[in-house]
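Chemist: Model the following, please.
(chains A and B)
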Amino acid sequence: MLVDIWTMLRKELNEYLIQGGVRSKRSYLIYILIFGIFLPLQSGAEGIRNGLPLLFFAWLPFLLVSGIIADSFAGERERHTLETLLATRLPDQAILFGKILAATLYGTGMVLVCLITSIVAANVAFRGEGFVSYPPLALAGALVGCLLAAGLASGIGVLVSLRAPTARQAQQTMSIAIIALFLPFYILPLLPPGLLPPIPVEPEAINIVAILLAVGSGLLVLDIVLILVARLRFKREQLILD
Amino acid sequence: MSEIAIRIEALSRDFGTIRAVDSLTLEVPRGTVFGFLGPNGAGKTTTIRMLLGLLAPTAGNATVLGFDVRTQAGAIRERSGALLEHNGLYERLNAEDNLDFYGRIYRMSGADRQARIRELLTHLSLWDRRHELVRDLSKGMRQKLAVARALIHQPPLIFLDEPTAGLDPVAAASLRDDLASLVQKEGVTVFLNTHNLPEAEKLCAQVGVIRDGKLLAVGHPDTLRARTEGNRVTISGSGFDDNILTLLHARPGVDRAQFVNGHIEIGLTGEVEVSSLVSLIVGAGGQIEEVRKDKASLEDVFLALVREEQEVE
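Modeler: As a prediction, this is how the structure comes out:
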């Protein structure tokens, strides 16, 4: 099974990275310029030392993954490659997990590249201010968080893509799903103070690590649930008839 | 090991109220090229999908290479190759990477993959184009590449669904030649869906004719020709008129008589002396330059079978 998943994953990554053409290579460069250089440098050396730019990276896996995972099944269906793939010996799980893993690794890998670029760029831009880097714990947390967020985006995307007739429609549905996911973060601060439940403890007493662990665990559970649902919805006959 | 590669018994498939395949029963011996002939929408693609275990039959049974299509679809797909309705190639990958991916799917070792890719691409005159993206290849080359993909793991059975559809005549002829030589070289059983009758004539040892999901006839092309008792006589000359056609139609054993490009084409359904037809035409004022007697083509056979079916209905 692992060999089959690797075969599928390798093909997907090959399509994303190596043979994607000039357009996809240009888009990687744009992501690296914005998230790896422009935004971190805007925060200044002190901002980076406080881990402030890491907040920008919360969006990045969704941006990166949603574009490609929507294409995973809907795109193959649209380009008439899906039926041939389904007519091979590859087990259902290998096709599904290969595609999810490829998108997740792609999203996380790009975040890692942007993080490394940002550290290099900061040390070049702010030379003379000592070694500039993110707090190690925050950096590790950001990487794990990005991995889980990429997994979440992949899970949502694959579910959408399994049933969407075209890649474009899958991308549109995926965008709506992601906006819906982030909507509470934008709406809650806008609510009148009286409508929000009071925070029972002093801000200094909030255990950030515990909150991050809880959020991470929640994401992990959500990832697993989405993958299981996708596994249940993966039916060769349905995919062909769709 | 059974001598039968595909055994189908009363296989049916419904889509809602439409019966796409209706009580299909046939056997395909190992090592033969079986042509499944029929117009678009006859049920050919649905049959292949059922045989590959991609669609479940509504009724009936089928075994492919001894494996049940309902319960052992994985084993069937492991041992067969397919070129389906669309070539299924990844256009963003190059020719070699497409074959390499499918070689990996079938767990071929790196050395075996490389050797097999070289062998197939050389045979199909695509070796020099192996690094080109599929989207940059001509349609004929893509179809050849898809044939190579179906054969990459040396399966004992391949399914080909309209492999020459949409190709220009030169590309189609070239692909047919390559298919014929590859099939002979590899000794593979082929289940070939086609509505192209010359293709079936060239490639198939056995053909089945399907229409509206029903199998109308099955057998060797020559056997089917004999069954329709169809022979065709083409007479060239001058002075032909409608009166001659009327006289010809009145003769027993003459199925049809018509003008085709200035010639008279006569379809015979029984034992008729051609010399008597010549005498009749000359007697009616026609001047004959050439008389040519042809065997019925598969097209004639197909049309005759469809006519028979309509008469029964």
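Chemist: going forward, measure contacts between C-alpha atoms and count neighbours the same way
Modeler: Will do.
Chemist: Mind jotting down where the strands sit in the chain?
Modeler: Reading this off chain A. With strands called from DSSP state E, chain A shows none.
Chemist: wait, chain B
Modeler: Using DSSP E, strands in chain B cover B:4-15, B:18-29, B:33-37, B:59-64, B:67-68, B:80-83, B:157-161, B:189-194, B:206-211, B:214-219, B:231-238, B:254-260, B:263-268, B:287-295.
Chemist: Among those, which comes closest to residue B:115?
Modeler: Residue B:115 sits nearest to strand B:80-83 of all the strands of chain B, at 18.2 Å, using C-alpha to C-alpha.
Chemist: what about that closest one, near chain A?
Modeler: Yes: residues of strand B:80-83 are located near chain A by C-alpha under 8 Å from any C-alpha of the partner chain, namely B:81, B:82, B:83.
Chemist: interface residues of chain A facing chain B?
Modeler: Going by C-alpha under 8 Å from any C-alpha, the residues of chain A near chain B are A:4, A:7, A:11, A:15, A:19-21, A:79-91, A:236-237, A:240.
Chemist: hmm, which of these are the buried ones?
Modeler: Listed as buried from the residues of chain A next to chain B are A:4, A:7, A:11, A:15, A:19, A:79-90, A:236-237; burial here means 16 or more other C-alpha atoms under 10 Å in any protein chain shown.
Chemist: Dump the residues of strand B:80-83 next to chain A to a markdown table, plus pLDDT and neighbour count.
Modeler: A markdown table is the format used below for the residues of strand B:80-83 next to chain A (pLDDT from 0 to 100; neighbours: other C-alpha atoms under 10 Å in any protein chain shown):
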| residue | pLDDT | neighbour count |
| --- | --- | --- |
| B:81 | 93 | 28 |
| B:82 | 93 | 28 |
| B:83 | 93 | 26 |
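Chemist: in chain A, which helix or strand is least confident?
Modeler: In chain A, no helix or strand scores lower on mean pLDDT, DSSP states H and E than helix A:21-31, which sits at a mean of 75.
Chemist: By proximity to chain B, which residue of chain A wins?
Modeler: residue A:81 (4.0 Å; C-alpha to the nearest C-alpha).
Chemist: Now do stretch B:189-205: everything it contacts.
Modeler: With contacts defined as C-alpha atoms under 8 Å, 6 or more residues apart in numbering or on different chains, stretch B:189-205 is touched by B:5, B:29-40, B:44-45, B:156-163, B:176, B:180, B:183, B:207, B:220-221, B:298-299.
Chemist: Filter those down to the buried ones.
Modeler: Buried among these (16+ other C-alpha under 10 Å): B:5, B:29-38, B:44-45, B:156-163, B:176, B:183, B:207, B:220-221, B:298.
Chemist: Chain neighbours aside, what residue packs nearest to residue B:233?
Modeler: Nearest residue to residue B:233, sequence neighbours excluded (C-alpha to C-alpha, 6 or more residues apart in numbering or on different chains): residue B:293, at 4.4 Å.
Chemist: Surely that neighbour and residue B:231 touch.
Modeler: Yes: counting by C-alpha atoms under 8 Å, residue B:293 touches residue B:231, with 7.3 Å between them.
Chemist: which ones are touching the residue nearest to residue B:233?
Modeler: Counted by C-alpha under 8 Å, 6+ apart, residue B:293 has contacts B:231, B:232, B:233, B:234.
Chemist: Buried by neighbour count: which residues of stretch B:115-128 qualify?
Modeler: Applying 16+ other C-alpha under 10 Å to stretch B:115-128 flags B:116, B:117, B:118, B:120, B:121, B:124, B:126, B:127 as buried.
Chemist: tell me the contacts of the nearest residue to the fourth one once chain neighbours are set aside?
Modeler: In this case it means residue B:120. In this structure, residue B:120 finds its nearest non-sequential neighbour in residue B:148, 5.9 Å apart by C-alpha to C-alpha, 6+ apart. Counting by C-alpha under 8 Å, 6+ apart, residue B:148 makes contact with B:99, B:120, B:121.
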